[in-house]
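1. Predicted structure and sequence below. I'll ask about it afterward.
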Amino acid sequence: MSMPWRRRRAALLLTALTALPAALAGAPFDFDAAPGRLPKSIVPLDYSLAVVPDIEAGTIVGTESVRLRVRAPSRTIVFNSLNERLTEVHFDGAPVSAVESDDARQLTTVTLVQAAPAGEHTLSFSYTGRLEAQPHGLFVQTYVASDGSHGRLLSTKMESTDARRMFPCWDEPAFRSTFELTVTVPAAWATVSNMPVARRELHGGEQTTTFERSPSMPSYLIEFTAGELAAIGARAGGTEVGVWAVRGRERDGQVALADALLILADYNEYFGYTFPLPKLDSIAVPGGFSGAMENWGAITYNDQLLLLSADSTLADRQTVFAVQAHEIAHQWNGDLVTMGWWDDLWLNESFAAWRGASETDQRNPSWKWWERQDAAREFALRSDSRLSTHPVQQSVADELQAANAFDEITYEKGQAVLRMLESYLGPEVFRDGIRRYVRARALSNATAADLWSALAAASGQDVGQVARDWTEQPGFPLVSVAASCARGVRTLTLTQRRFLLQAAAHDGGHWSIPLRIRRGSEAPRAQLLTHDGEQSAGGRCNEPLSVNADAIGFYRVKYDAATLAANTRAFGATPDGDRIALLDDSWALALAGQQSLGSYLALASAMGKDRDSRAWEQIAASLGTLEHYARGSRGHAAFAAAARALLRPMADSLGWDAQPGETPDVARLRRTLHADLGAWDDGRVLAEARRRFARFVTDRSAIRPDDQEMILTLVMRSADGAAFEQLHAIARAETNESAKRRDYAALMQVGNAALAEQAAQIALSDEIPPQAAAIRLRLVVLLAGRHPALAWRTFRDHADALLAPNPKYAPLITAQYVPEYFWEGAPPQEIEQWVRARLPAEMAPNIARGMETVHALRAERAALTPAADNWAGQAAWQRGGGRW
Ligand SMILES: [Zn+2]
């Protein structure tokens, strides 16, 4: 599963540390030991399910027959259901004694006339259920097509616990079973499910379609979509690969189809296990949930993440590849091998995040994808610097809380930790371990222990010993480097302690740290740091040193003053990854008050002519944070001038228009620098943006799609009513949804307060097409950049509507992200009270994370503003001819 709402600019967070039961942490998968609420004495083997949805009535009528194995004699059968009523319940053809469905507990209990003996039996029943209007279970999606016509389709979204909304079932991941699905829908509709169509019967205006029986899989991977759809396809080996979209848009899936063929072939090779289903479809759903879902053989995507048109940007194209690489990786990690319980969700999500990023990087080297993932690593590091963070592997007591595990620790930290382990073991050894793991656990479930034992077998090392430090305890270490020099030769003394942004470092924790040390310009050397005070050869005194070469490790490094000075002197010629790690760590140390802001700004000032976009992005974002905090303060103008002076030479050297043969990285750098210069009131940049916008108003091709977001946003920052209304009119009339979304996003960033009130109304209005409902929340968050109080009021007063498109994750978003989105819009107590009033008591750890973020940001703002003023004063003095 992938969810774009998780990625935001400055994020943070945390969980109370929930210790794992020892048995669970170290044991291989065992069905009887897997957590869960359903008894293990009766297990489903095969479902035959026939569903008749009635869109007008909003109901489902179904018949279901489940072949069961009774493992120990029992008089009751317990399984999941939600909003369903069962009738004609029979066990081996005979009526049962009682049936009770409890929607609060989401359970149905069938009581038999007498205890069923061990062996195979059949449970059958009819039922009525609810067709959902929001994307969970089987739902109806309405949409407006690009020609203005209105349409409706049916689709599903089951993870984590919503298959039970479509049909009564054993809805926990350890209960794998085969499924044969039959659905009755309008005759003209196309139908897609996990497996190919086996037979289709027409009767009147309806069709009844039965799909082939699936292999053994968990219920959360069931998929069904039906509507006025069309597909393009191709064959790859034994697999039919297809891309489905609303009829008329299927050609916009050409790039996605080519990607899927390439990625599938790569993964067949990488995992050493050929994709086992006869077909792999990708389905572009117009709207619904905002991410993508890895249903086996039938991946669903929000259409914005799968289809590309002439108006798409390079960033759109990158997103399509990266999301596909993530979801297709799940076909092995998640679908073929499923975590035994939701506490090991990371086995699904960390793996897909890591494998998908590796594939994206290898197949698109000019995108520098791992370097782009540094922003994700930083996001996780910041989040994990809170006292209330949680381990990658975390206790999930009840499957109804599983949705709360889908955060940046599970995704981004997990991805980074796996990359670090891969680098430590070597890519071939790591791949061999993954192949062993997949072979051993195929068509079944797994725990972390199964993975560690496969990696240990492949490497001959006790991998679990190292890996568990990173997955079972919260947080991460700061490695301190103290160098001593004798006869020109440097010796390093390395120590570690937990890195926390705010709290004192009393909190324990110890890690086996796979260091990558680069001395001068040598190739990096591996060293596993296990004991405090370990010594290491540090090369020649005065040459640069990196203890996290290429920024692969999930830890921070603090260098002593002499080593930091050597690194600063050599900064312009440092390898990109080492430089990025140094910038990230120096900024974090400044935020934590463990190193001066001046040390960081000295590095930022030493970039010289280097054009690495991630390094500049890091600098621009940090300066942007300082500039934002300084707004309204006496020193703001001086700081903004100093920040502009730092970026301006590079921006001037890149100009406004692409040069022939320019790499995506440099194009991105140009946009980053202009966007930030304009945000800091650079008159020349703002004037040029206005000039280009004036042409765009009459000629929509005057600004390339890649530049639109940057230029439209710059214009809105200083827009008057006329300019605002010009863009508003363009947004309303735009038929291409990607462009339309860009236009509305820019409107939200208007500087003028009265126009911002209008923007807030627009975000809530029917101008946003129904399939784009999920972006309303993002629009209100964008509004918070310049108008935090307005954005908070708008969100608070319309929270139900804004959160509705994400029903499953609304509690997590409310607890952990809303406080961070709107922390400048209201006093912390007001936000906390509001959040608490909306959420059940068990969300307290998540709320604590959200609120710790707010308090950390407030402390950061208070500490950094005077430090930035001080730097700006010195920079102005220096520009005036002064010397240090
Ligand atoms: Zn995923």
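-> Yes, it's here.
2. Smallest gap between the stretch 251-400 of the chain and the ion, at which residue?
-> Proximity to the ion, evaluated over the stretch 251-400 of the chain using C-beta to the ion, is greatest for residue 352 at 4.4 Å. All C-beta atoms are positioned from the backbone trio N, CA, C, and that covers glycine.
3. other SSEs contacting whichever strand or helix holds that residue?
-> Using DSSP states H and E, residue 352 sits in helix 345-363. Using 3 or more C-beta pairs under 8 Å, 6 or more residues apart in numbering; DSSP states H and E, the elements in contact with helix 345-363 are helix 254-271, helix 314-330, strand 337-339, helix 369-372, helix 414-425, helix 448-459.
4. Give me the residues contacting the fifth one.
-> What that stands for is helix 414-425. Under the criterion C-beta atoms under 8 Å, 6 or more residues apart in numbering, residues 346, 349-351, 353-354, 357-358, 370, 373, 376-377, 380, 392, 430, 433, 455, 458-459, 461, 463, 466-467, 470-471, 514, 516, 526, 528, 552-554 lie in contact with helix 414-425.
5. Buried ones among those residues?
-> Neighbour counting by 16 or more other C-beta atoms under 10 Å classes 346, 349-351, 353-354, 357-358, 370, 373, 376-377, 380, 392, 430, 433, 455, 458-459, 463, 466-467, 470-471, 514, 516, 552-554 among the contacts of helix 414-425 as buried.
6. Check the offset of stretch 123-132 from the chain's centre.
-> Mean C-alpha position of stretch 123-132 versus that of the full chain (C-alpha atoms, centre = their mean, to the nearest Å) differs by 33 Å.
7. Return it as CSV; C-alpha atoms alone will do.
-> The C-alpha trace of stretch 123-132 is given here as CSV (Å, rounded to 0.1, in the frame of the first residue of the first chain):
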residue,chain,number,x,y,z
LEU,A,123,-20.7,-23.6,6.1
SER,A,124,-23.2,-21.9,3.8
PHE,A,125,-25.5,-18.9,4.1
SER,A,126,-27.1,-15.9,2.4
TYR,A,127,-26.5,-12.4,3.6
THR,A,128,-27.3,-8.8,3.0
GLY,A,129,-24.7,-6.1,3.4
ARG,A,130,-23.9,-2.5,2.7
LEU,A,131,-22.4,-1.0,-0.4
GLU,A,132,-20.0,1.7,0.8
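8. list the buried ones in that stretch?
-> Going by neighbour count (16+ other C-beta under 10 Å), the buried part of stretch 123-132 is 123-125, 127, 129-132.
9. What about the residues you listed, which are in strands?
-> Of those, the ones assigned to strands by DSSP state E are 123-125, 127, 129-130.
10. Put together TSV for the residues you listed, with pLDDT and distance to the ion on each row.
-> Output for those, formatted as TSV (pLDDT from 0 to 100; distance: C-beta to the ion, whole Å):
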residue	pLDDT	distance to the ion
123	98	32
124	98	35
125	98	33
127	98	30
129	98	27
130	98	27
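11. thought residue 473 was touching residue 390?
-> No - using C-beta atoms under 8 Å, residue 473 makes no contact with residue 390, being 9.9 Å away.
12. More neighbours: which of the two?
-> Of the pair residue 473 and residue 390, residue 390 is the one with more neighbours under other C-beta atoms under 10 Å, namely 28 against 20.
13. Doesn't that one lie inside a strand?
-> No - Residue 390 is assigned coil when assessed by DSSP: H, G, I helix; E, B strand; the rest coil, not a strand.
14. right, and it touches residue 409 too?
-> Yes - counting by C-beta under 8 Å, residue 409 is a contact partner of residue 390 at 6.0 Å.
15. So which residues on the stretch 251-400 of the chain come close to the ion?
-> Residues of the stretch 251-400 of the chain found near the ion (C-beta under 5 Å from the ion) are 349, 352.
16. who's sitting farthest from the centroid in this structure?
-> Centroid-distance maximum for the chain: residue 487 at 50.0 Å, with C-alpha atoms, centre = their mean.
17. what number of residues lie near the residue of the stretch 751-884 of the chain found nearest the ion?
-> In the stretch 751-884 of the chain, the residue that lies nearest the ion is residue 809 (13.0 Å; C-beta to the ion). Using other C-beta under 10 Å, residue 809 is surrounded by 24 other residues.
18. How about the one 3 residues further on?
-> As a burial measure, the neighbour count of residue 812 was computed by other C-beta under 10 Å and equals 25.
19. Okay, and it sits in which element?
-> Element membership for residue 812 (DSSP H and E) is helix 810-812.
20. following that helix, which helix or strand comes up?
-> Counting by DSSP H and E, what follows helix 810-812 is helix 818-821.
21. on that earlier part again, looking at the helix holding residue 812 now, give me its mean pLDDT.
-> The average pLDDT within helix 810-812 is 94.
22. that older thread, now the residue of the stretch 751-884 of the chain closest to the ion. Nearest residue, chain neighbours left out?
-> Leaving aside its sequence neighbours, residue 809 sits nearest to residue 403 (C-beta to C-beta, 6 or more residues apart in numbering; 5.7 Å).
23. Run a quick neighbour tally on that neighbour.
-> Considering only other C-beta under 10 Å, residue 403 is surrounded by 21 other residues.
24. Would you agree it is in contact with residue 812?
-> Yes - at 6.2 Å, residue 403 counts as touching residue 812 under the criterion of C-beta under 8 Å.
25. how far off helix 448-459 does the helix holding residue 352 point, in degrees?
-> Interaxial angle, helix 345-363 versus helix 448-459 (axes from the mean of the first three to the mean of the last three C-alpha atoms, to 10 degrees): 40 degrees.
26. Extract the CA atoms of helix 345-363 and return them as PDB.
-> Provided in PDB are the C-alpha atoms of helix 345-363 (Å, rounded to 0.1, in the frame of the first residue of the first chain):
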ATOM      1  CA  LEU A 345       3.500  -5.000   8.800                       C
ATOM      2  CA  TRP A 346       7.000  -3.800   8.100                       C
ATOM      3  CA  LEU A 347       7.800  -7.100   6.400                       C
ATOM      4  CA  ASN A 348       5.300  -5.900   3.800                       C
ATOM      5  CA  GLU A 349       5.800  -2.200   3.800                       C
ATOM      6  CA  SER A 350       9.500  -1.700   4.600                       C
ATOM      7  CA  PHE A 351      10.300  -4.300   2.000                       C
ATOM      8  CA  ALA A 352       8.200  -2.900  -0.700                       C
ATOM      9  CA  ALA A 353       9.500   0.600   0.000                       C
ATOM     10  CA  TRP A 354      13.100  -0.600  -0.100                       C
ATOM     11  CA  ARG A 355      12.700  -2.900  -3.100                       C
ATOM     12  CA  GLY A 356      10.700  -0.400  -5.000                       C
ATOM     13  CA  ALA A 357      13.300   2.400  -4.500                       C
ATOM     14  CA  SER A 358      16.100   0.100  -5.500                       C
ATOM     15  CA  GLU A 359      14.300  -0.800  -8.700                       C
ATOM     16  CA  THR A 360      13.500   2.800  -9.500                       C
ATOM     17  CA  ASP A 361      17.100   3.800  -9.000                       C
ATOM     18  CA  GLN A 362      18.500   1.000 -11.100                       C
ATOM     19  CA  ARG A 363      16.200   1.500 -14.000                       C
END
